[in-house]
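Undergrad: structure for this input, please:
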Amino acid sequence: MISSAQQLCKLPVALASASPRRIELLQQINIAPCTVLATDIDETPLKQELPRVYVERLAHAKLEAAKTQLKESVPFILAADTVAAAGSRILNKTTDRHVAEKHLRLLSGRRHRVHTSVVLSETKTGRVSTRSVYTVVQFSRLTEKQLQTYLDSNEWQSKAGSYAAQGIAASFIKAINGSHSNVVGLPLFETAQLFRGYGLIP
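TA: Numbers count the residues shown, from 1 in each chain. Got it, this is the predicted structure:
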């Protein structure tokens, strides 16, 4: 959260995501995009598509969708996609309780990876820079009561892997190896490095 003594740095960047989590994460490092776009793309994985390839493809698809939606000239576009994966199995976001239950039973008591690809494009030159990262998350073994109580909370809806690390599910996570902000929805170090590469922030 930004304190009253701080002022957000408004960047000439369109964010190709209406995710409140990503907006909040950018605010955490004192950044506010000048425009926010809700992109609508097909997020169905391709046959035998690996998680890293999947998030990279979707991040670029969101970038292209944002270009067509922009009604004003914005120098830069930031796009990102995040997915949880158990091995090579992609755990898509869902609003279906039964699917979420399958995801959580699969993650219970084991390690999984959270993959994110972040893309920053300079609209005038067409230059595109990408950072892809993954974080290893260790879940505790969930009891039946923990599982059903979490499902009742509806916190899992439309979350990668059917859980939110910044919410109740934080009590299920034994360890995180890598970027915590990546698990929430945007790896802040890598995102900041992209901004620095274009001279947008110090």
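
Undergrad: CA only for contacts and neighbour counts going forward, please
TA: Fine.

Undergrad: low-confidence regions, this protein specifically.
TA: 1-7 (pLDDT under 70).

Undergrad: so where do the strands sit in it?
TA: 9-15, 31-36, 76-86, 89-91, 111-122, 128-139, 173-177 (DSSP state E).

Undergrad: switch the ones you listed over to JSON lines; also include distance to residue 192 and mean neighbour count.
TA: Shown next, in JSON lines, are the strands of the chain (distance: least, Cα to Cα, whole Å; neighbours: other Cα atoms under 10 Å):
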{"stretch": "strand 9-15", "distance to residue 192": "12", "mean neighbour count": "19"}
{"stretch": "strand 31-36", "distance to residue 192": "10", "mean neighbour count": "19"}
{"stretch": "strand 76-86", "distance to residue 192": "11", "mean neighbour count": "26"}
{"stretch": "strand 89-91", "distance to residue 192": "27", "mean neighbour count": "20"}
{"stretch": "strand 111-122", "distance to residue 192": "10", "mean neighbour count": "24"}
{"stretch": "strand 128-139", "distance to residue 192": "10", "mean neighbour count": "19"}
{"stretch": "strand 173-177", "distance to residue 192": "20", "mean neighbour count": "14"}
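
Undergrad: I'd like these as a markdown table, with distance to residue 197 appended.
TA: What follows is these, written out as a markdown table (distance: least, Cα to Cα, whole Å):
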| stretch | distance to residue 197 |
| --- | --- |
| strand 9-15 | 14 |
| strand 31-36 | 15 |
| strand 76-86 | 12 |
| strand 89-91 | 31 |
| strand 111-122 | 10 |
| strand 128-139 | 9 |
| strand 173-177 | 26 |
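
Undergrad: report the angle between the longest helix seen in the chain and strand 31-36.
TA: Longest helix in the chain, counting residues (DSSP state H): helix 51-69. Relative orientation of helix 51-69 versus strand 31-36 (axes from the mean of the first three to the mean of the last three Cα atoms, to 10 degrees): 60 degrees.

Undergrad: would you mark the buried spots in helix 51-69?
TA: Residues 51-52, 54-67 are the ones in helix 51-69 that count as buried (16 or more other Cα atoms under 10 Å).

Undergrad: try stretch 19-32
TA: 22-27, 30-32.

Undergrad: how about the residues you listed, which pair is most distant?
TA: 22 and 30 (12.5 Å; Cα to Cα).

Undergrad: related to what we said a few turns ago, mind giving me the packing neighbours of the longest helix of the chain?
TA: strand 76-86, strand 111-122 (3 or more Cα pairs under 8 Å, 6 or more residues apart in numbering; DSSP states H and E).

Undergrad: how about a cut-off of 10 Å?
TA: strand 9-15, strand 76-86, strand 89-91, strand 111-122, strand 128-139 (3 or more Cα pairs under 10 Å, 6 or more residues apart in numbering; DSSP states H and E).

Undergrad: so residue 103 makes contact with residue 86?
TA: Yes. Using Cα atoms under 10 Å, residue 103 makes contact with residue 86 at a distance of 8.9 Å.

Undergrad: circling back to that earlier point, what's the closest of the buried residues of stretch 19-32 to residue 13?
TA: Nearest member of the buried residues of stretch 19-32 to residue 13, counting by Cα to Cα, is residue 32, at 8.4 Å.
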